[in-house]
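*Asks:* Pasting the sequence and the predicted model now:
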Amino acid sequence: MIEPTPGFNRGFFSAEVFVKFFTKEHKKAQQPHAKKETAIGITRHLFFHLIMLSLTIGINFTVIEMEMLLLWLL
């Protein structure tokens, strides 16, 4: 039996969670909430890159490590 790629289906993020989180339809930002929507978009984008990096090199980031990396990137 072929072993799955390390980090792809184990750990905090499964492929299903990944797909559900990043395929949400993005609501059009209304003017009063434009900054909030932009911040959410940037955070999502950073999480996307962190998760893709972890899937690519086979590292499972914990929630705390993700938060630390996000704060460092912001």
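*Replies:* Ah, there it is. Residues are numbered from 1 along each chain as shown.

*Asks:* make it CA atoms for all contacts and neighbour counts henceforth
*Replies:* Fine.

*Asks:* Report how many residues lie close to Leu71.
*Replies:* When neighbours are counted by other CA atoms under 10 Å, Leu71 registers 10.

*Asks:* Please identify the helix or strand for it.
*Replies:* Assigned by DSSP states H and E, Leu71 belongs to helix 63-73.

*Asks:* Now do that helix, average pLDDT.
*Replies:* In this model, helix 63-73 has a mean pLDDT of 70.

*Asks:* again with stretch 40-53
*Replies:* If you average the pLDDT over stretch 40-53, you get 78.

*Asks:* Buried ones in it, by neighbour count?
*Replies:* 46-47, 50-51 (16 or more other CA atoms under 10 Å).

*Asks:* Which of those sits closest to Ala39?
*Replies:* Ala39 has its nearest neighbour among those in Leu46, at 10.6 Å by CA to CA.

*Asks:* circling back: and the buried residues of stretch 40-53, which is closest to Leu71?
*Replies:* Distance to Leu71 across the buried residues of stretch 40-53 (CA to CA) is lowest for Leu46, with 10.3 Å.

*Asks:* before we move on, back to that, which of the buried residues of stretch 40-53 sit farthest apart?
*Replies:* Leu46 and Ile51 (8.6 Å).

*Asks:* a markdown table for the buried residues of stretch 40-53, including secondary structure?
*Replies:* Output for these, formatted as a markdown table (DSSP: H, G, I helix; E, B strand; the rest coil):
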| residue | secondary structure |
| --- | --- |
| Leu46 | helix |
| Phe47 | helix |
| Leu50 | helix |
| Ile51 | helix |
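
*Asks:* Let me know the closest of those residues to Thr38.
*Replies:* Nearest to Thr38 among the buried residues of stretch 40-53 is Leu46, at 12.3 Å by CA to CA.

*Asks:* gap between that closest one and Met66?
*Replies:* 10 Å (CA to CA, to the nearest Å).

*Asks:* next one: Met52
*Replies:* 12 Å.

*Asks:* counting contacts, what elements does the helix or strand encompassing Ser54 pack onto?
*Replies:* Using DSSP H and E, Ser54 sits in helix 34-57. Contacts defined by 3 or more CA pairs under 8 Å, 6 or more residues apart in numbering; DSSP states H and E place helix 34-57 against helix 63-73.
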